[in-house]
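Q: the following comprises the amino acid sequence and a computationally predicted model.
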Amino acid sequence: MFSMLSSLDAIRGAAVLDLFAGSGALGIEAMSRGAARAVLVESSGQAVDAISANLAVLGDRESDVQIVRGDALTYSRKCGYFDVVFADPPYAFGGWGELGGALETRAGLLVIETTDRRPSVDEILGSLWETVKVRRYGGTVVLVVRPLAVAGPAEEGNS
């Protein structure tokens, strides 16, 4: 996934949002590949504790990561602009349309992990998004999409 994003020159210097962060692996990997900052959103207290422990691998870059304990959909409705947003929710997640609507003007790229069937972007997010790349990794499909309405640059202090 990160090789694909690197080929798009999407990570270096980027503001990254990792929704449904789990262990924080995607946000932490983005930071290790040169992202400027990351916000990791996770609702589980146990997972937030794991993220905190996992941040140690970043050393002095740990301060460039913010952990938010809360609901990903709620956060996505009020967040600022992010260059790259990762969305790897539980497979039973049913809020794709709401998430797509909330992020339409808040994301440069949205990276979605979903089950092994190859869904269309319209099926998941509605017609406000276009596909940039699709890759299959075993039983997982990764979709990289961007909003049709071009979002503006990162605003200072948004997260």
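A: Now that the structure is in, tell me what you want to look at. Residues are numbered from 1 along each chain as shown.
Q: before we move on, what SS does G27 have?
A: Using DSSP: H, G, I helix; E, B strand; the rest coil, the structure places G27 in helix.
Q: again, but for V141
A: Assignment for V141 (three-state DSSP): strand.
Q: use 772 as the first number from now on
A: New numbering, starting at 772: the last item is V912.
Q: I'd guessed it sits against T902; true?
A: No. Look at V912 against T902 with CB atoms under 8 Å: they stay out of range, at 11.4 Å. Yep, even glycine has a C-beta here, placed from its N, CA and C like the rest.
Q: higher neighbour count, these two?
A: Between V912 and T902, counted using other CB atoms under 10 Å, V912 has the larger neighbour count: 17 against 12.
Q: what about that one, distance to Y862?
A: Look at V912 and Y862: by CB to CB, to the nearest Å, they are 12 Å apart.
Q: give the next helix or strand downstream of the helix-or-strand element of the chain with minimal mean pLDDT.
A: Lowest by mean pLDDT, DSSP states H and E among the helices and strands of the chain is helix 892-896, with a mean of 69. Next helix or strand after helix 892-896 toward the C-terminus (DSSP states H and E): strand 900-908.
Q: list the contacts of that following strand.
A: 772, 775, 779, 871, 875, 880-881, 887, 889, 892-893, 912-919 (CB atoms under 8 Å, 6 or more residues apart in numbering).
Q: in that strand, what's buried?
A: 900, 903, 905 (16 or more other CB atoms under 10 Å).
Q: distance to E833 and pLDDT added to these, as CSV?
A: Shown next, in CSV, are these (distance: CB to CB, whole Å; pLDDT from 0 to 100):
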residue, distance to E833, pLDDT
W900, 32, 86
V903, 30, 90
V905, 33, 87
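Q: and which of these is nearest to G841?
A: W900 (23.9 Å; CB to CB).
Q: for the closest one, give its distance to L829.
A: Distance of W900 to L829, given as CB to CB: 31 Å.
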